[in-house]
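Visitor: using only what follows, build the 3D model:
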Amino acid sequence: MTAHAAQLPAEYRLMTLGHTEPSGQVHRLVALDLTGANRHVELATWQMPSRMPTTWGEAFSASSDGRRIAVAATGARGTGALYLLDTAAGTVKTLFDDANEHASAPVLSPDGAQIAFLRIPLVQNASSIIETGIFAGAVDDPASWRRIVDPERPNSMAPLAWSPDGRWLAFVRLFIGGSVWVVRNDGSETVAVGRGTDVDWRSWEPRLLVSGPSNGGGGTSVSTFDVTSRVLRRIASPASDVQNVVGARWHPLLDRILYLEAGPAPGSPVAVWTRYADGRNATNVYEASFVSRVDWSADGSRIYATSGGDDSVFGVSDLLARRVVTKACWRGDVNAQICL
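Guide: Sure thing, here's the model as predicted:
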């Protein structure tokens, strides 16, 4: 894995890009510049082991200030290893590198102090993925790491997100459909939340937004889950059973949410909705094909989305202002003028 020291743009979106080389698929972590200057910053490059099982979860996770980024990549022993990138210094620290197990799906807490990740044995001998479990602890103290979630075959699973106070980790189990759970950071208590595969924690209280896709068909919804009262409340449902509601996100400051309603076929129109957290005042703010990665800006005044069906160039748009904020290349130089 290679890291590059860089100053992050004042407003940015982290994204992985990729291209194929003779040695295999190369992943690049880029901070997309959303300020209008089109000065995207490449932060790291890496490859994944060819024998790495396909699992749920992302290849990287960042602290809320973007200074620390955990990345799963090929290690010195040829298995999936876990690295910690310091974006300001451009340094990389190896956190986990084992000859017999892969590290996958890393999740950092918002303050970058805690980490959770999935461990997967190198040798797989069943039709479903065999896992060792979800491990968690202080980033700077690997000796503190312990298994906080045990595997339950034939389910596969992955960590999803830490609560803002770092006390709870949301994770998903996948078999028929998907189900979301939360576990205390020391593994002492596990709570079943409900059906779904995606979550977002509210910034000022232990409440989850839970949404799909369900990994097995329709019937998805957007629900809120209060960890204190253990109450799950449905606040939005799709227009039909063949559609999914996905990607629900809390507004960073207000009592509002956004979510997507999408059809099952590639290229189907995607509708972006907002509403109050109690379900009132649903508003369709945007609808188009090839829309993904929809989220609020840091101050909640804009809604950004990655868009475009082109195989060489993509853009990030401000959906409320109906304008493209920036464009970039999928492959090669992310700032290449031919893409702009």
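
Visitor: how close does residue 287 get to residue 44?
Guide: Per Cβ to Cβ, to the nearest Å, residue 287 is found 35 Å from residue 44. Where you see a C-beta, it was placed from the backbone N, CA and C, and this is true even at glycine.

Visitor: check contacts around the spatially most central residue of the chain.
Guide: The centre of the chain sits closest to residue 58, judged by Cα atoms, centre = their mean, with a distance of 5.4 Å. For residue 58, the contact set (Cβ atoms under 8 Å, 6 or more residues apart in numbering) comprises 105-106.

Visitor: could you check the pLDDT of it?
Guide: pLDDT, residue 58: 89.

Visitor: so it: helix, strand or coil?
Guide: Secondary structure for residue 58, judged by DSSP: H, G, I helix; E, B strand; the rest coil, is coil.

Visitor: what about it? Give its phi and psi, please.
Guide: Per-residue torsions, residue 58: phi -90, psi 160 (degrees, to the nearest 10).

Visitor: and it, how close does it get to residue 175?
Guide: As judged by Cβ to Cβ, residue 58 and residue 175 stand 21 Å apart.

Visitor: again, but for residue 207
Guide: Taking Cβ to Cβ, one finds residue 207 at 26 Å from residue 175.

Visitor: who has more neighbours, the two?
Guide: Higher neighbour count among residue 207 and residue 175: residue 207, with 20 against 15, using other Cβ atoms under 10 Å.

Visitor: excluding sequence neighbours, find me the nearest residue to the more buried one.
Guide: In space, and not counting its chain neighbours, residue 207 is closest to residue 226: 5.4 Å by Cβ to Cβ, 6 or more residues apart in numbering.

Visitor: hang on, the earlier thing: residue 287 and residue 44: which is more packed in?
Guide: residue 44 (23 against 14).

Visitor: tell me the strands beside the strand or helix carrying the more buried one, with direction?
Guide: Per DSSP states H and E, residue 44 falls inside strand 41-47. In the sheet, strand 41-47 lines up against strand 2-3 (antiparallel), strand 24-33 (antiparallel) (DSSP bridges).

Visitor: buried deepest among those, which one?
Guide: Comparing the strands paired with strand 41-47 by mean neighbour count (mean count of other Cβ atoms under 10 Å), strand 24-33 ranks first with a mean of 20.
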